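Visitor: Sharing a sequence plus its predicted fold:
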There are 2 protein chains.
Amino acid sequence: MSENGNREQGGVSRRGVLAAGGGLAAAGLALGRTPAAQAAPMSTSADVVVVGAGISGLTTARRLVQAGVGSVLVLEANDRVGGRTENLDAGNGVITEGGGQWVGPGQDRVLALIDELGLETFKTHVEGKSIYLRNGNRQTYEGTIPPLSPDALADWAQLQTRLEQMASTVPAEAPWNAQNAFEWDSTTFGAWLDANSVSAEAKWLLTLGFSVIFAEDPHNTSFLRALHAIGSSGGIEHMMNATGGAQESRIVGGSQLISQRMAEQLGNRVIAGSPVTEISQGSQGVLVKSARAQVQCKRVIVAMAPADAERIRFTPGLPGRRAMLQRKWHNGTENKLAAIYDEPFWRSQGFSGQAMTDLPGAAYVVDNSPPDGSIGILLTFIGTAGYGPGLKWSDAILDDPGARRAAFLDGLAALFGPKAAQPTGCVEKDWLHEPWIEGGVSTRAPGTLTQYRNAAREPVGRIHWAGTETGIMYEGYMDAAVSAGERAAKEVSQLL
Amino acid sequence: MSENGNREQGGVSRRGVLAAGGGLAAAGLALGRTPAAQAAPMSTSADVVVVGAGISGLTTARRLVQAGVGSVLVLEANDRVGGRTENLDAGNGVITEGGGQWVGPGQDRVLALIDELGLETFKTHVEGKSIYLRNGNRQTYEGTIPPLSPDALADWAQLQTRLEQMASTVPAEAPWNAQNAFEWDSTTFGAWLDANSVSAEAKWLLTLGFSVIFAEDPHNTSFLRALHAIGSSGGIEHMMNATGGAQESRIVGGSQLISQRMAEQLGNRVIAGSPVTEISQGSQGVLVKSARAQVQCKRVIVAMAPADAERIRFTPGLPGRRAMLQRKWHNGTENKLAAIYDEPFWRSQGFSGQAMTDLPGAAYVVDNSPPDGSIGILLTFIGTAGYGPGLKWSDAILDDPGARRAAFLDGLAALFGPKAAQPTGCVEKDWLHEPWIEGGVSTRAPGTLTQYRNAAREPVGRIHWAGTETGIMYEGYMDAAVSAGERAAKEVSQLL
């Protein structure tokens, strides 16, 4: 999609207003400036305030500006933009992504935005043999189907068929309206798998895939939400695969560029390092208080995960369903570890770099090298799914960064030989201890979908909601962050 | 227990140190003083800091002082003490409780503390006919067994027998060690009831009782936690009953007096209006930052619900199990509504004031009049359990205080006649919008007990944990708040 000729038209100026109010720049509040210690927040006004400078919030602001909304401000708690996407320095000008990073076919909104911003995508490296290792039995395979035992393959097929059949009855825009919604929302995906799989191997592999995608053990997740995800994210194989699936492509320069490019173009409309503490609605407007700016505005769009919005004091208090949704929301959390090498040496040995294993520090491994292969990067996930009954892949190493790294390199050596244990460096993104982000992908505790229903995206007076958790298709992916931002911008611009 | 002669010995002075450091009093930081706007927090030091001045935190501080610990400070976010207990003014010097209020046999620790503080208990009013109303069929009964249909009684009996049998296999101190722990923690109590009850009436009544006690629909709650609660709180009948059960007695003057009496005796050791924002551990000690005081101490005891502790920034970051426990913790939430009358007129008509019904605003009603019956008070609960599939008792009225009151009074009129619709006043405690308290009783989302295990009470370096959620018996009740505080005080005083 980088070849379709729109790149030179990228940028806010194409459809909207480029110049931002000079007052904020003069006050030194633009992105990247260090806030003066103890400085009183400046008072200002805007038509719309967006809370959160992740992909969703920045898309919201971009679309509002493009729609001609006079003044838009984005308030971000962190000192960077990107939210749950972040580029990590892998040395020599190369990055490896610490957060969300893949896009795939069907994710039209994020692909269109990438194109509009003049960014390019490239295919995830999949050429060569992948490795499948379980109970000490190491096998290689090509393509997308790992060499499961015949029994496990048969079980996988029946599980997939049944899950996708059930998922087809769950409306993407209103999963709580599925005929069996209450029954499915009363239990966990893990309980269903325990009751319905006949092969330990098939259940293990499905659990591994789910745990990496959702950063949570299936025994925490509402079965209704699991079915909803399957139905609204292209099906099980699409979710799990690179070739033709949701991990098909990456962004040249890293996924955080999407946010950085938007923030650059929004200029001093983006105020970072400024956590929002209060949102007070009156009949005439909304007062948004943050560390660096107090903004009087007509509408506010909160583009955060519901759990993160719980840090804001809302006056008047939020309606019951929304208040409870925020309290009972939780996100799965997993760290990403990358090992960096002078070259992607496994490629010349015929390996794709992908592995699915029961090794404690290298359960799911992928090649995350830059597009030119100038250096080699192997990536894994270590997450709190390791606390659950489904996988035991990280239990001993969850609290010790040194042990995590050692287990990762041990695993890589078992998969790709001793050279893999000698990287030039390792980088890790620790999402468990992010100050402003309560977790990663959007899962749901049982009961919350059916009981709080559309509270994630239903406006509360002058407060509107964005964020990937308010998306309909691909909830939890970057694509839903974009579509939610576009929906929220439209919702609000029609009301101004 | 108010007659056992220990009352005159009540107070901190009996076993410990009464005088508190003069510095804090001189600085105007003692309880009840209004913090100066924008004032910089004072810096001080103490042996132990307790975070939270609910029953558990205050018990912790009291026991530490009694054990001879030199200096103890309690930091409380709210401008009052008592946490999830609060006395509401019902006029004429009478109170009605807005939060936890009942004590019963077996709750030895809170009963001993009540006695030690010179407080008295009195029996919940149960004399007379109670009302049972379902599907428009209003019946009265005496005693503790409502007039269920024979089929429903039989179903209730089999459900109770099976639940209590399963509960007997769940260790109170380590429910995650039950033989079926993972299976039971993977589903909800609601799903189990749906699959195992044969009478809609029995299921409805059990759901009603559970929803009032846990402030949550059973379809949100881990089945393992439900069994753990049944096993560690005296069994189903004990939990549901006044006579001989957990609602047997009340505290003269209201349950908040427990905290107020302790705070009085702790004097200027209690600093209210001072939310803790950061807890930083070093090898030598802990720095606790709050709005009004920064305290360097040897140990800190966080006496808050795990969800509330999520507002504090911990350095270094918390271990994974504890971090995830806090994020995935949620508490049930319900409001209490009280209607106030010149006299408890229902008593002279032969009614106890208790009712169990399917009326939307008066599902569970009790007589909450003061011990001398000088005025009459009828109390009900309206909670977020109304969002669930189990009960529909409050769905239409959850977001409108006026509609809640109207539905409550309509219900009372249907139960006790038109006089009940004409109270002299109504008071409501809105727990959904408390600024510093995320909810009421301690339930658990599926997966959290088995995955995070003892993280609720396992110390993290110099950080220790109290609060009713860390109790073993009667978790969620005032009794566990007391026993947890006593356990935490002992844990810490042995380490100083």
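Guide: Great, that's in hand. These numbers were taken from a predicted model, which means no experiment stands behind them. Residues are numbered from 1 along each chain as shown, chains lettered A, B, ... in the order given.
Visitor: in what helix or strand does A:Lys203 lie?
Guide: If you go by DSSP states H and E, A:Lys203 is part of helix A:200-214.
Visitor: so, in contact with chain B or not, that helix?
Guide: No: if you take Cβ under 8 Å from any Cβ of the partner chain as the test, helix A:200-214 misses chain B, and the best it gets is 12.3 Å. Yep, even glycine has a C-beta here, placed from its N, CA and C like the rest.
Visitor: for the record, mean pLDDT for that helix?
Guide: Per-region confidence: helix A:200-214 scores 95 on mean pLDDT.
Visitor: elements contacting it?
Guide: helix A:150-167, helix A:189-196, helix A:236-240, strand A:364-367, strand A:376-383 (3 or more Cβ pairs under 8 Å, 6 or more residues apart in numbering or on different chains; DSSP states H and E).
Visitor: Identify the residues contacting it?
Guide: Residues outside helix A:200-214 that contact it (Cβ atoms under 8 Å, 6 or more residues apart in numbering or on different chains): A:134, A:146, A:148-149, A:151-153, A:155-156, A:159, A:189-190, A:193-194, A:197, A:217-218, A:221, A:226, A:229, A:236, A:239-240, A:332, A:334, A:356, A:358, A:363-364, A:381, A:383, A:385, A:388, A:390-391, A:393, A:441, A:443, A:476.
Visitor: Beyond that helix, next helix or strand please.
Guide: Criterion used, DSSP H and E; the element after helix A:200-214 is helix A:223-232.
Visitor: name the helices or strands packed onto that next one?
Guide: So helix A:223-232, by 3+ Cβ pairs under 8 Å, 6+ apart, packs with helix A:150-167, helix A:181-185, helix A:189-196, helix A:236-240, helix A:448-452.
Visitor: now the contacts of helix A:200-214: which count as buried?
Guide: A:134, A:146, A:148, A:152, A:155-156, A:159, A:189-190, A:193-194, A:197, A:217-218, A:221, A:226, A:229, A:236, A:239-240, A:332, A:334, A:356, A:358, A:363-364, A:381, A:383, A:385, A:388, A:390-391, A:393, A:441, A:443, A:476 (16 or more other Cβ atoms under 10 Å in any protein chain shown).
Visitor: With just CA atoms, put stretch A:173-185 into PDB.
Guide: The C-alpha atoms that make up stretch A:173-185 are tabulated as PDB, following Å, rounded to 0.1, in the frame of the first residue of the first chain:
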ATOM      1  CA  GLU A 173     -20.800  -4.300  17.400                       C
ATOM      2  CA  ALA A 174     -22.900  -5.800  20.300                       C
ATOM      3  CA  PRO A 175     -21.600  -9.100  21.500                       C
ATOM      4  CA  TRP A 176     -23.900  -8.800  24.500                       C
ATOM      5  CA  ASN A 177     -26.800  -9.400  22.100                       C
ATOM      6  CA  ALA A 178     -25.600 -12.900  21.000                       C
ATOM      7  CA  GLN A 179     -28.200 -15.500  21.800                       C
ATOM      8  CA  ASN A 180     -26.000 -17.300  24.300                       C
ATOM      9  CA  ALA A 181     -24.300 -14.100  25.500                       C
ATOM     10  CA  PHE A 182     -25.000 -14.600  29.200                       C
ATOM     11  CA  GLU A 183     -24.000 -18.200  29.300                       C
ATOM     12  CA  TRP A 184     -20.700 -17.500  27.400                       C
ATOM     13  CA  ASP A 185     -20.000 -14.400  29.500                       C
END
